[in-house]
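1. Here's a sequence, model it:
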Amino acid sequence: MIGLLMENGPCFVNEDSKSTVLNPWSWNNEVNMLYIDEPNQVGFSYDIPTNCTATLSDEGLSLKPADFSRGLPDLNLTSMVGTFSSQKRTHTTNSTAQAAHALWHFAQAWFSEFPHYKPSDDRISIWAESYGGHYGPGFMRFFQQQNDKIADGTIADEHAHFLHLDTLGIVNGWLDSLIQEEAYIDFPYNNTYGIQVFNQSIYDELKHNFTKPEGCGEQIKKCQQSLSLFDVATVNAQRLNFVDLCEMESWCSSPAVRTYLGLDSGWFDISHPLADPFPPQRGYGYLTEAAVLGAIGSPVNFTATSAAVSSNFASSYDELHGGFVEAVGHLLDNGVKVHMMYGDRDYACNWIGGERASLAVPYSHAKDFARAGYAPLLTEKGASGLTRQYGNYSFSRVFQAGHMVPSYQPEAAYGIFMRATFNRDIPTGLQPAKDDFSTDGPSDTWHVVEEPPKVPTPKCYILSPQSCVPNLWKKVLAGTAQVKDWFVVNDDRDEQVSDEL
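-> Next up, the predicted model:
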């Protein structure tokens, strides 16, 4: 729903969190879009509708099943009730591999029950963001494998649908921990905005601990090698002990991320504060409206993040699981187009790690892709980024964009999406993207530096506690903050600015 209401859907939510305005750069202008809350228990996907208490804290929303037969608990703006999923970990998936199975079965049911939604050219694409660097390649590779089984008769079900795969799009995706974790150290120290969050001593210590013998890099590599020996899709049946498989030292638990966040820099935008007001989170309020829930026909309230799902994925070390750059290579060699775009202000899945992952993809034209230069990504506004492309594969660094590229640079993101969909070159959209098409230009993009934008003032939206600075959030919890349309109003402006700014 973040993509639908905050990035590339037909409408954006207004300041009142109740009304909407049209998005001129909606991706459904010329393409049918299906937004999927996956896996079960996230968004509006559910197993058993269950009454729960919903408590907001600075760590997010905590859901707990509850019995309201004797009445409701005391309610306020941070203590609410609603109907959600069961919160049972055994009722949802524990890995990308399991989630791929679930989505394939959903797709089979969808195209069987709603044949009128079948694409006119019989082709489907998947666009994924953030952890979609796992989901997108993992899901599409599984779809391709299922197609192979349908074609050779291994899947004998006469009603099984062959899913004609067209494009995999990845927006600031997390593909590989071994490759991208080190960029968590590099990006805050050296980036194209001249923002140095890590000083020399912090950088040197983190870099040393990552690269030294038996350091974090080697530990991640050993973990990936151990996980690769097992089929995570059937891990429950195997009852594996992942802690024993991945003997990660506690000091290697994302030390760069913990250091970075402790320095009050934006998770999704290095030029913004940690309490980041952009993109606006008004979609969360919109999805609490009774009229909206009634129009959707949902029996449950919206779940932004699921503790059951996150706990399952953490216990299976899914984030550290490798194989997704290999999945991209498998798709490319099977004729699927793959296009990546990375906003260059994002820290969470920054473009430095994304570029390294793009160059690590093993496929038949990997050397040709690496030899391709960077060409300007052109829109009506001029150069909005730089793109390396060879044939059906591209990587774009999008200027002045954070994690959710369509929110920051809607025209550029729309251009990449449309050009990818309709088989045009990504930099201009003027040429057909033939098999031997190759961009010309410099081999890297470090020569293009940008001025950071003005640091925005945090704006506390209580359904998104991370948008609130600590001293103001304390007022929200105490019930002394004035709130209108989920925003804290009439506050002392100084209280919206964190001490570190």
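2. For stretch 114-130, could you pull out the residues that count as buried?
-> 124-130 (16 or more other CB atoms under 10 Å). Backbone N, C-alpha and C define where each C-beta goes, glycine included.
3. neighbouring contacts of it?
-> With contact meaning CB atoms under 8 Å, 6 or more residues apart in numbering, stretch 114-130 is reached by 3, 7, 27, 32, 34, 107, 110-111, 135-136, 139-140, 163-174, 348-349, 403-404, 417, 421.
4. which SS state does the residue lying closest to Pro376 once chain neighbours are set aside fall under?
-> Once flanking residues are discounted, Pro376 sits nearest to Ala383: 4.1 Å by CB to CB, 6 or more residues apart in numbering. What DSSP: H, G, I helix; E, B strand; the rest coil gives for Ala383 is strand.
5. Tell me if I'm right that Ala383 and Ser396 touch.
-> No. At 11.4 Å, Ala383 and Ser396 do not qualify as touching, with contact defined as CB atoms under 8 Å.
6. shared neighbours, those two?
-> With CB under 8 Å, 6+ apart as the test, Ala383 and Ser396 both reach Leu377.
7. out of those two, which sits in the busier spot?
-> Ser396 (34 against 14; other CB atoms under 10 Å).
8. Surely the more buried one forms part of a strand?
-> Yes. Under three-state DSSP, Ser396 falls within a strand.
9. show me the residues around it that make contact.
-> Taking CB under 8 Å, 6+ apart, one finds 339-342, 377, 385-388, 416, 426 in contact with Ser396.
10. okay if I get the buried residues of stretch 114-130 as TSV plus secondary structure and distance to Ala99?
-> As requested, those are exported to TSV (DSSP: H, G, I helix; E, B strand; the rest coil; distance: CB to CB, whole Å):
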residue	secondary structure	distance to Ala99
Ile124	strand	17
Ser125	strand	18
Ile126	strand	12
Trp127	strand	16
Ala128	strand	11
Glu129	strand	15
Ser130	strand	14
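11. burial count for Lys64?
-> Counted with other CB under 10 Å, the neighbours of Lys64 add up to 12.
12. neighbouring contacts of the host helix or strand of it?
-> Using DSSP states H and E, Lys64 maps to strand 60-65. For strand 60-65, the external contacting residues (CB under 8 Å, 6+ apart) are 50-56, 84, 86-87, 303-305, 307, 465-466.
13. Select only the buried ones of those in ChimeraX?
-> Burial among these is assessed by 16+ other CB under 10 Å; the matching ChimeraX selection reads:
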select :50,52,53,54,56,84,86,87,303,304,307,465,466
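14. Tell me the one of the contacts of strand 60-65 nearest Pro458?
-> Here the nearest of the contacts of strand 60-65 to Pro458, counting by CB to CB, is Gln466; it sits at 9.8 Å.
15. Quick check: the closest one is in a strand.
-> No. Residue state for Gln466 (three-state DSSP) corresponds to helix; a strand is not indicated.
16. Can you classify the residue sitting furthest away from the middle of the chain as helix, strand or coil?
-> Distance to the chain centre peaks in the chain at Arg70, reaching 40.6 Å (criterion: CA atoms, centre = their mean). What three-state DSSP gives for Arg70 is coil.
17. Contact partners for it?
-> Taking CB under 8 Å, 6+ apart, one finds nothing in contact with Arg70.
18. Sort out which of the contacts of strand 60-65 are in strands and list them.
-> The members of these that map onto strands under DSSP state E are 50-56, 84.
19. which residues touch stretch 430-445?
-> Residues outside stretch 430-445 that contact it (CB under 8 Å, 6+ apart) are 192, 337, 368, 371-376, 386-392, 397, 419, 423-427.
20. Got a quick PyMOL command for the buried subset of those residues?
-> Buried residues within the contacts of stretch 430-445, by 16+ other CB under 10 Å, are selected in PyMOL with:
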select buried, resi 192+337+372+373+374+375+376+386+387+388+389+390+391+392+397+419+424+425+426+427
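21. Just the ones in helices from the contacts of stretch 430-445, please.
-> Among the contacts of stretch 430-445, the members falling in helices (DSSP state H) are 368, 371, 419.
22. Dump the residues you listed to TSV, plus pLDDT and distance to Gly60.
-> Listed next are the ones in helices among the contacts of stretch 430-445 as TSV, based on pLDDT from 0 to 100; distance: CB to CB, whole Å:
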residue	pLDDT	distance to Gly60
Asp368	99	44
Arg371	98	45
Arg419	99	36
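23. What is the nearest of these to Ala314?
-> Arg419 (37.0 Å).
24. distance of that closest one from Asp346?
-> The gap separating Arg419 from Asp346 is 22 Å, by CB to CB, to the nearest Å.
25. just to revisit the earlier point, show me which pair in the buried residues of stretch 114-130 is furthest apart.
-> Of all pairs in the buried residues of stretch 114-130, the most separated under CB to CB is Ile124 and Ser130 at 20.9 Å.
26. I'd like the distance from stretch 63-73 to the chain centre, please.
-> Relative to its parent chain, stretch 63-73 has a centroid offset of 33 Å by CA atoms, centre = their mean, to the nearest Å.
27. any idea which element Asp436 lies in?
-> Counting by DSSP H and E, Asp436 is found in no helix or strand.
28. Might you report the residue contacts of Leu163?
-> 104, 107, 111, 124, 143, 146-147.
29. Which members of these are positioned in helices?
-> Per DSSP H, the subset of the contacts of Leu163 in helices is 104, 107, 111, 143, 146-147.
30. Now Gly373: closest residue in space that isn't a chain neighbour?
-> Nearest non-adjacent residue to Gly373, counting by CB to CB, 6+ apart: Gly441, 3.4 Å away.
31. Tally up the residues packed near that neighbour, please.
-> If we define neighbours as other CB under 10 Å, then Gly441 has 15 of them.
32. For the remainder of this discussion, apply numbering that starts at 22.
-> Happy to do that; since the first residue is 22 now, the last one works out to Gly462.
33. With respect to Glu472, which of the contacts of Ser417 is nearest?
-> Gly406 (15.6 Å).
34. Quick check: the closest one touching Leu398?
-> Yes. Applying CB under 8 Å, one finds Gly406 in contact with Leu398, separated by 3.8 Å.
35. Between those two, which contacts overlap?
-> The contact lists of Gly406 and Leu398 share 417, 419, 433, where a contact means CB under 8 Å, 6+ apart.
36. The residues you listed into JSON lines, with extra columns for distance to Leu98 and pLDDT?
-> Converted to JSON lines, these look like this (distance: CB to CB, whole Å; pLDDT from 0 to 100):
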{"residue": "Ser417", "distance to Leu98": "41", "pLDDT": "99"}
{"residue": "Val419", "distance to Leu98": "36", "pLDDT": "99"}
{"residue": "Ala433", "distance to Leu98": "37", "pLDDT": "98"}
